[in-house]
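> Let me see the structure of the following:
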Amino acid sequence: MVTTVSTAPSMNGATANGAAQLSVDVLIVGAGPVGLFGAYYAGVRGLSTAILDSLPEPGGQITAMYPEKAIFDVAGFPAIRGRELVANLVAQAAPFEPGYVLGSQAVGLERGDGFIITTDGGRRIHARSIVITGGIGTFTPRPLPTGEEMLGRGVVHFVPQPAEYADLDVVIVGGGDSAVDWALLLEPIAASVTLVHRRAEFRAHPHSVDVMHASTVRTITDAQVSAITGDPVSGVQVSTKDGDVTLPCHRVVAALGFLANLGPLLDWGLEIKQKRHIVVDTLMASSVPGVYAAGDICEYPGKIRLIATGFGEVATAVNNAVAYLDPSASAFPGHLSDYAPPGEIGAPGTPTTTV
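Numbering: from 1, shown residues only. Next up is the predicted model:
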């Protein structure tokens with residue numbers, strides 16, 4: 001559980017609409033896993049911190065899209081569900097009391113004594129430094145070529161509650177990671193799962209594709225959904241090179257990817273590659289002094305977009321922000337066991353593992 005702006009680290013001045021102005025050492029733009037870990041690291045380094053996100057809950061795309069999906073690329077966890085990862089990250093940052101400004105989008109940026117960030121709701125946030133961890137920015141699901149008008153009546157873009165698909169016939173449309181992951185997630189729950197992809201080859205991770213082919217998931221490739229019948233959905237017609245196929249269907253999951261947009265960040269004077277990624281150096285510093293970026297939103301030679309990579313990047317960004325704010329301070333935080341709250345696992349004099 002998180003508390004929103006009323007418990008932010010400090011509130012100074014007033015905005016034009018009468019709301020208090022939030023003032024912090026570092027503003028983290030993006031409350032996904034990378035941003036949440038950044039809040040922990042900023043707290044470790046003694047920085048007052050706020051996290052700003054346009055979504056109403058922390059967790060970013062994980063919370064919005066696949067809270068029940070197992071994630072396998074977080075070190076130390078053979079597998080962890082998205083909602084559990086987010087809850088753990090919130091709990092990890094909690095002792096340092098970061099402020100959460102949720103359901104608000106960063107819009108304007110003013111430079112001067114630090115930065116003034118204006119939100120779409122009119123709030124003004126004064127930050128001495130900024131770390132942008134906004135993933136792919138705002139994301140809009142790509143619509144189905146046909147049947148999008150059935151959204152909410154059997155057609156969905158996300159699967160936040162897999163248990164709701166028990167004993168249903170499900171058709172998933174797409175060939176990327178989300179499509180294959182949802183097929184594997186729903187396969188033991190639904191009555192049947194069919195994945196329809198317009199190409200012969202999948203864009204998803206090869207291992208996931210191999211697991212799917214070894215499962216009971218039916219795949220129809222070189223095909224596309226040509227019609228959705230019923231209201232709510234009761235069937236799907238699929239066009240293939242060998243003719244039309246009619247499938248019983250209670251839910252259609254449209255997993256065709258997203259249209260990403262950095263929105264107002266494009267006007268912040270940052271060097272941005274292909275209007276999608278903020279260019280950073282080895283300090284995770286952007287082209288604007290005092291502004292850093294980490295996670296999927298940043299770009300540099302050899303960049304690999306993984307949650308695990310983002311964790312390291314945001315630690316680098318926050319620690320270098322410390323040195324930016326105080327040139328006499330070291331970017332190296334020391335051994336983090338020195339910062340463990342008394343009595344906590346890992347604190348001096350306590351066990352480092354549990355049985």
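> all strands in the stretch 251-355 of the chain, in order from the N-terminus.
Assigned strands in the stretch 251-355 of the chain, in chain order: 251-254, 258-261, 272-273, 277-279, 291-293, 298-299 (criterion: DSSP state E, counting those that start in this stretch).
> Please identify the deepest-packed of those strands.
Here the criterion is mean neighbour count by mean count of other C-beta atoms under 10 Å, and of the strands of the stretch 251-355 of the chain the winner is strand 291-293, at a mean of 29. Where C-beta positions appear, they are placed from N, C-alpha and C, glycine not excepted.
> Centre of the chain to stretch 111-128, how far?
In terms of C-alpha atoms, centre = their mean, to the nearest Å, the gap separating the centre of stretch 111-128 from the centre of its chain is 23 Å.
> quick one: terminal-to-terminal distance for it?
End-to-end distance for stretch 111-128, by C-alpha to C-alpha, to the nearest Å: 10 Å.
> tell me the mean pLDDT for it?
Mean pLDDT, stretch 111-128: 94.
> Tell me the buried residues in that stretch?
Across stretch 111-128, burial judged by 16 or more other C-beta atoms under 10 Å covers Gly114, Phe115, Ile116, Ile117, Thr118, Thr119, Arg123, Arg124, Ile125, His126, Ala127, Arg128.
> Which member of those is positioned nearest Asn319?
Closest approach between those and Asn319, by C-beta to C-beta: Arg128, at 15.0 Å.
> Show me where the stretch 51-200 of the chain has its strands.
Here the stretch 51-200 of the chain has its strands, by DSSP E, counting those that start in this stretch, at 70-71, 80-81, 99-102, 106-112, 114-119, 124-132, 138-141, 155-156, 169-173, 192-196.
> for these, which one sits closest to Ser23?
Taking C-beta to C-beta, strand 124-132 is the member of the strands of the stretch 51-200 of the chain nearest to Ser23, at 4.3 Å.
> which stretch in the strands of the stretch 251-355 of the chain has the least confidence?
Mean pLDDT is lowest for strand 258-261 among the strands of the stretch 251-355 of the chain, at a mean of 72.
> so Gln105 touches Thr119, yeah?
Yes - using C-beta atoms under 8 Å, Gln105 is in contact with Thr119, at 6.3 Å.
> Gln61 - nearest residue in space that isn't next to it in sequence?
Among residues not flanking Gln61 along the chain, Gly135 sits closest, at 5.9 Å (C-beta to C-beta, 6 or more residues apart in numbering).
> number of nearby residues for the one you found?
As a burial measure, Gly135 scores 23 neighbours (other C-beta atoms under 10 Å).
> who's in contact with it?
For Gly135, the contact set (C-beta atoms under 8 Å, 6 or more residues apart in numbering) comprises Gly30, Gly32, Val34, Gly60, Gln61, Gly295, Asp296, Ile297.
> Swap in 7 Å and give it another go.
Listed by C-beta atoms under 7 Å, 6 or more residues apart in numbering, the contact set of Gly135 reads Gly30, Gly32, Gly60, Gln61, Gly295, Asp296, Ile297.
> Give me the distance between it and Gly59.
Per C-beta to C-beta, to the nearest Å, Gly135 is found 11 Å from Gly59.
> before we move on, what about Asp113?
Taking C-beta to C-beta as the measure, Asp113 falls 33 Å from Gly59.
> All the helices of the chain, residue numbers only.
Assigned by DSSP state H, the helices in the chain fall at 33-44, 60-65, 82-93, 177-186, 206-213, 307-325.
> Now do the third one: which elements does it pack against?
So that's helix 82-93. Here helix 82-93 touches helix 33-44, helix 60-65, going by 3 or more C-beta pairs under 7 Å, 6 or more residues apart in numbering; DSSP states H and E.
> can I get the CA coordinates of that helix in PDB?
Listed next in PDB are the C-alpha coordinates belonging to helix 82-93 (Å, rounded to 0.1, in the frame of the first residue of the first chain):
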ATOM      1  CA  GLY A  82       4.200  -9.100 -11.200                       C
ATOM      2  CA  ARG A  83       2.000  -8.000  -8.300                       C
ATOM      3  CA  GLU A  84       4.400  -9.600  -5.700                       C
ATOM      4  CA  LEU A  85       7.400  -7.900  -7.300                       C
ATOM      5  CA  VAL A  86       5.700  -4.500  -7.200                       C
ATOM      6  CA  ALA A  87       4.500  -5.000  -3.600                       C
ATOM      7  CA  ASN A  88       8.100  -6.000  -2.500                       C
ATOM      8  CA  LEU A  89       9.600  -2.900  -4.200                       C
ATOM      9  CA  VAL A  90       7.000  -0.600  -2.500                       C
ATOM     10  CA  ALA A  91       7.800  -2.200   0.800                       C
ATOM     11  CA  GLN A  92      11.600  -1.900   0.200                       C
ATOM     12  CA  ALA A  93      11.200   1.900  -0.400                       C
END
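> Enumerate the positions of it that are buried.
Across helix 82-93, burial judged by 16+ other C-beta under 10 Å covers Gly82, Arg83, Leu85, Val86, Ala87, Asn88, Leu89, Val90, Gln92, Ala93.
> Now do the domain split for the protein, please.
Recorded structural domains for the chain (assignment: automatic domain parsing) are 5-139+259-339, 143-256.
> quick one, which of those domains is packed in tightest?
domain 5-139+259-339 (a mean of 19).
> and it, how far from the chain's centre?
11 Å.
> Among the strands of the stretch 51-200 of the chain, which comes closest to Ile51?
Nearest of the strands of the stretch 51-200 of the chain (C-beta to C-beta): strand 99-102, 5.4 Å.
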